[in-house]
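In: pasting the structure only:
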């Protein structure tokens, strides 16, 4: 047997179809399997001599040569006309000059059912689909396949879980889901099927077990063979993400409000400065028994109340850090009640009963005031339509055990602020949440929720605790427990003491003309010589030209052209060590670090009090004089 015959015998006994084609595309050799495979598909049933005569789904020979030249090897899966898939491998055979002389084509049949049954490589395909579906279910992604009549061809278990349906019911049509939870879901599917289009959006499911849930839903239309229309529906619970986006939007809104609050506070304090300043000048000039003196005193008290109100607004908008210090609780409570009585409708009354001897606590006065106002406002809202009574009781007691499993509880003396009302009350579920230290209310139907998150935050910051008791239609009671302070005696400053200067020369700078006018008169009254400027750049030039003429500079923080900080930096850059007092109606940047950085001698907050300013100036000049003597 010749070598050629042996080769042909070998090729005919392999289980693959093999062809040898030369570089021109002419068929050189073909084994028995290849002859059966390709000759039986040839329309003329004549012997195939050229690659181009193979009437099947194979690539042109020129394309084969291009792929081999580029990559050195080429293979593909091809569906031939016998409805079977074949792995076709193309291997080049090179001549002595490394040019392709022949191409060996091997076609290996891939096992699986016929293409017409759509189950090619069924085992591998089914395995991959099972993995995908399992992963979707693990990720809590719902998947439903329906036809255009709503008949369910496939669904995973998420449908039964989210719609609270027993899987044993074996629902066969999406429109036969008998549950109120999925009403919006089913309505949207019905609308999409009627329109014959795809849809994507958010849908709310009223899940009674975990309140309203928000789902991202996609309904995608596609057509199968025979123009049969199907819809693939995917849905995933995005309630947490939606809530986070809502909180982010709210945070951005509060950030904007905070920035506006800062600007408004600055302007408001500029308005208050001349009002309070001129009133203080009146008290300085007239006899204390005069009715004019009394009127001026009321203006001063109202101005101070407005100043405190601005401080509360800044604290609430997070533009001002809270400052915890020893304070007396009762005056703050009385002040809040006084304001509330002036604002409540005639069908609501407020009664206060104070039964504590020691009212000293550690806290921020503006926050304590805010706490009382928020809780009383909640009570007012609960009774605004029906009328009723708010009772405020303050007691003190020693608590040596943890009565309500409060976190971080410490035994000791506590002040208890009890604020109760005869309003609508709260449901038991809300009360249970309200006694949680991490409580926040989202249900707008509950009237007693205004500001409670703020209240809990304030009390927790003061190392206190909150308890809530309420009966639906019979009112609500809040109990605020705050630890009593037994430290040093709280010193009250001598508010009416005025410190007189010694004709020192002061350069005063502020862009508000009413502030300039009142401060010129106040400084003159305090026995200082004041030169006033409304433009900071001109004031700077004045000082640089006449440095020996001035003993101290008072400058506003916010001014056009050159801010107070810019002016201070310019002076310090030239090693000019004149004392500088910064006045401001509001600044989030004025901290201990910035005071030290810019070498600010001291600062005064607007509205500027004649008593506060006189003391600061007196201390600055006397300390400087002592340092010069040393």
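Out: Sure thing, it's come through. These numbers come from a predicted model, not from an experiment. Numbers count the residues shown, from 1 in each chain.

In: now find how far off-centre stretch 63-73 is within its chain.
Out: Mean-position distance between stretch 63-73 and its chain equals 56 Å (CA atoms, centre = their mean, to the nearest Å).

In: and the average pLDDT for it is what?
Out: Average pLDDT, stretch 63-73: 84.

In: cool, and stretch 529-543?
Out: According to the model, stretch 529-543 has a mean pLDDT of 94.

In: SS state for residue 240?
Out: Counting by DSSP: H, G, I helix; E, B strand; the rest coil, the backbone at residue 240 sits in helix.

In: tally up the residues packed near it, please.
Out: 10 (other CB atoms under 10 Å). C-betas here are computed from N, CA, C, even on glycine.

In: what about the stretch 351-500 of the chain, any weak spots by pLDDT?
Out: Within the stretch 351-500 of the chain, the stretches with pLDDT under 70 are 403-405, 407, 427-453, 488-496.

In: helices of that one, start to end?
Out: 365-383, 428-434, 452-461 (DSSP state H, counting those that start in this stretch).

In: which of those helices sits most buried?
Out: helix 365-383 (a mean of 22; mean count of other CB atoms under 10 Å).

In: what sits against residue 599?
Out: Listed by CB atoms under 8 Å, 6 or more residues apart in numbering, the contact set of residue 599 reads 568, 572, 577, 580.

In: what's the first helix or strand after the least confident helix or strand in the chain by mean pLDDT?
Out: When the helices and strands of the chain are scored by mean pLDDT, DSSP states H and E, helix 122-138 comes last with a mean of 55. Once the chain leaves helix 122-138, the next helix or strand it forms, by DSSP states H and E, is strand 141-147.

In: mind listing the strands that following strand pairs with, and their directions?
Out: Strand 141-147 sits in its sheet next to strand 152-155 (antiparallel), strand 229-237 (antiparallel), going by DSSP bridges.

In: middle-most residue in this structure, spatially?
Out: residue 248 (2.7 Å; CA atoms, centre = their mean).

In: make sure that one is indeed in a helix.
Out: Yes. Assessed by three-state DSSP, residue 248 belongs to a helix.

In: residues in contact with stretch 263-280?
Out: Stretch 263-280 has contacts (CB under 8 Å, 6+ apart) with 296-297, 299-300, 303-304, 306-307, 310, 313-314, 319, 512, 514-515, 517-519, 521-522, 558, 584-587, 605-611.

In: again, only using 7 Å
Out: 296, 299-300, 303, 306-307, 310, 313-314, 512, 514-515, 517-519, 522, 558, 585-586, 606-610 (CB atoms under 7 Å, 6 or more residues apart in numbering).

In: could you measure from the residue nearest to the centre of the chain over to residue 563?
Out: 32 Å (CB to CB, to the nearest Å).

In: for residue 500, same thing?
Out: According to CB to CB, residue 500 and residue 563 sit 31 Å apart.

In: ok, those two, which is more surrounded?
Out: residue 563 (16 against 12).

In: quick one: that one and residue 581, what's the gap?
Out: 15 Å.

In: list the buried residues in stretch 329-338.
Out: Judged by neighbour count (16 or more other CB atoms under 10 Å), stretch 329-338 contains these buried residues: 329, 332, 333, 336, 337.

In: any idea which element the last one lies in?
Out: What that stands for is residue 337. helix 329-343.

In: what lies in contact with that helix?
Out: Contacts of helix 329-343 (CB under 7 Å, 6+ apart): 350, 352, 354, 359, 361, 365, 368-369, 372-373, 376, 392, 394, 415.

In: recalculate using a threshold of 6 Å.
Out: Identification of contacts with helix 329-343 by CB atoms under 6 Å, 6 or more residues apart in numbering yields 350, 352, 359, 361, 365, 368, 369, 372, 373, 376.

In: among those, which one lies nearest to residue 35?
Out: residue 373 (97.9 Å; CB to CB).

In: how close does the residue nearest to that closest one when sequence neighbours are not counted get to residue 72?
Out: Nearest residue to residue 373 in three dimensions, chain neighbours excluded: residue 336, at 5.5 Å (CB to CB, 6 or more residues apart in numbering). Distance, residue 336 to residue 72, by CB to CB: 88 Å.

In: residues in contact with the nearest residue to residue 463 once chain neighbours are set aside?
Out: Spatially, and ignoring its direct neighbours in sequence, residue 463 is nearest to residue 483 (5.8 Å; CB to CB, 6+ apart). Counting by CB under 6 Å, 6+ apart, residue 483 makes contact with 412, 414, 463.

In: I'd like to know how many residues surround residue 264.
Out: Neighbour tally, residue 264, other CB under 10 Å: 16.

In: quickly find the element holding it.
Out: helix 239-285.

In: repeat for residue 105
Out: Using DSSP H and E, residue 105 sits in strand 100-109.

In: nearest residue to residue 269 other than its sequence neighbours?
Out: Among residues not flanking residue 269 along the chain, residue 585 sits closest, at 3.3 Å (CB to CB, 6+ apart).

In: what does residue 54 give?
Out: residue 38 (5.2 Å).

In: where does pLDDT dip in the stretch 151-300 of the chain?
Out: 167-169, 178-181, 206-212, 225-226, 254, 258.

In: now with 50?
Out: 208-210 (pLDDT under 50).

In: thought the residue nearest to residue 54 was touching residue 57?
Out: No. With contact defined as CB atoms under 6 Å, residue 38 does not reach residue 57; the gap is 11.8 Å.

In: between the two, point out the one with more neighbours.
Out: residue 38 (23 against 12).

In: which one of the contacts of residue 483 is nearest to residue 108?
Out: residue 463 (78.5 Å).

In: distance of that closest one relative to residue 409?
Out: For residue 463, the distance to residue 409 equals 10 Å [CB to CB].

In: repeat that for residue 276.
Out: Noted for residue 276: a distance of 44 Å to residue 409, by CB to CB.

In: who's more crowded, the two?
Out: residue 276 (26 against 15).

In: give the full set of residues in contact with the residue nearest to the more buried one when sequence neighbours are not counted.
Out: Closest residue in space to residue 276, ignoring its immediate chain neighbours: residue 303 at 3.8 Å, by CB to CB, 6+ apart. Neighbour list for residue 303: 272, 275, 276, 607 [criterion: CB under 6 Å, 6+ apart].

In: right, I'll leave it there.
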